[in-house]
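Asker: Here is my input, please return the structure:
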Amino acid sequence: MENERTSTIKIGKKEYELILTNKATKELNNKFGGLDKIGNKLAEATNVADQLDLVIWLIVLLANQAILRSNLENGESKELLKEEDVEVLTSPADLTTYTEAIMDCLVKGTNREVKGEESKN
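Answerer: Numbering: from 1, shown residues only. Below you'll find the predicted structure:
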């Protein structure tokens with residue numbers, strides 16, 4: 001079930017899980033005014049540097065949620081991902097792949113599983 005709520009990306013030689021948590025949702029809302037505005041913000045970025053800054057910020061936020069969750073649930077102390085590390089370990093060619101993974105994570109994180117009652121017919 002947990003994998004249904006996450007996306008995975010590769011940064012350098014390591015895979016990172018992206019997950020949308022309530023904490024991340026609050027940060028996204030504060031920065032963008034709502035989850036629904038993120039796509040527009042990416043599209044409105046006027047240059048590659050702005051797009052990269054935004055995508056890298058989103059990656060770090062969502063990847064760190066998975067790391068923090070793992071640390072809390074498993075008593076670990078894995079180091080959090082830093083924006084500078086992502087900048088060095090990625091290239092502009094990765095932008096599309098990462099944007100897709102971010103959007104996939106956001107969609108998965110906001111989907112609700114609705115179960116109806118079985119029909120007697």
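Asker: Give me the distance from stretch 85-98 to the chain's centre.
Answerer: In terms of C-alpha atoms, centre = their mean, to the nearest Å, the centre of stretch 85-98 is found 14 Å from the chain centre.
Asker: Now the terminal residues of that stretch, how far apart.
Answerer: 15 Å (C-alpha to C-alpha, to the nearest Å).
Asker: Using neighbour counts, pick out the buried residues of it.
Answerer: The neighbour-count check on stretch 85-98 (16 or more other C-beta atoms under 10 Å) flags 86, 90, 94-95, 98 as buried. Just so you know, the C-beta spots here come from the backbone N, C-alpha and C atoms, and that holds for glycine as well.
Asker: for stretch 33-51, same thing?
Answerer: For stretch 33-51, by 16+ other C-beta under 10 Å, it's 35, 38, 42, 51.
Asker: Kindly report the same for stretch 96-110.
Answerer: Those would be 98-99, 101-102, 105-106, 108-109, for stretch 96-110 by 16+ other C-beta under 10 Å.
Asker: quick check, distance from that stretch to the centre of its chain.
Answerer: The mean C-alpha position of stretch 96-110 is separated from the chain mean by 6 Å, C-alpha atoms, centre = their mean.
Asker: cool, stretch 36-54 as well?
Answerer: With C-alpha atoms, centre = their mean, you get 15 Å for stretch 36-54.
Asker: name the helices or strands packed onto the biggest helix by length in the chain?
Answerer: If you go by DSSP state H, the chain has its longest helix at helix 48-74. Counting contacts by 3 or more C-beta pairs under 8 Å, 6 or more residues apart in numbering; DSSP states H and E, helix 48-74 packs against strand 6-11, strand 14-19, helix 22-32, helix 38-44, helix 83-89, helix 95-110.
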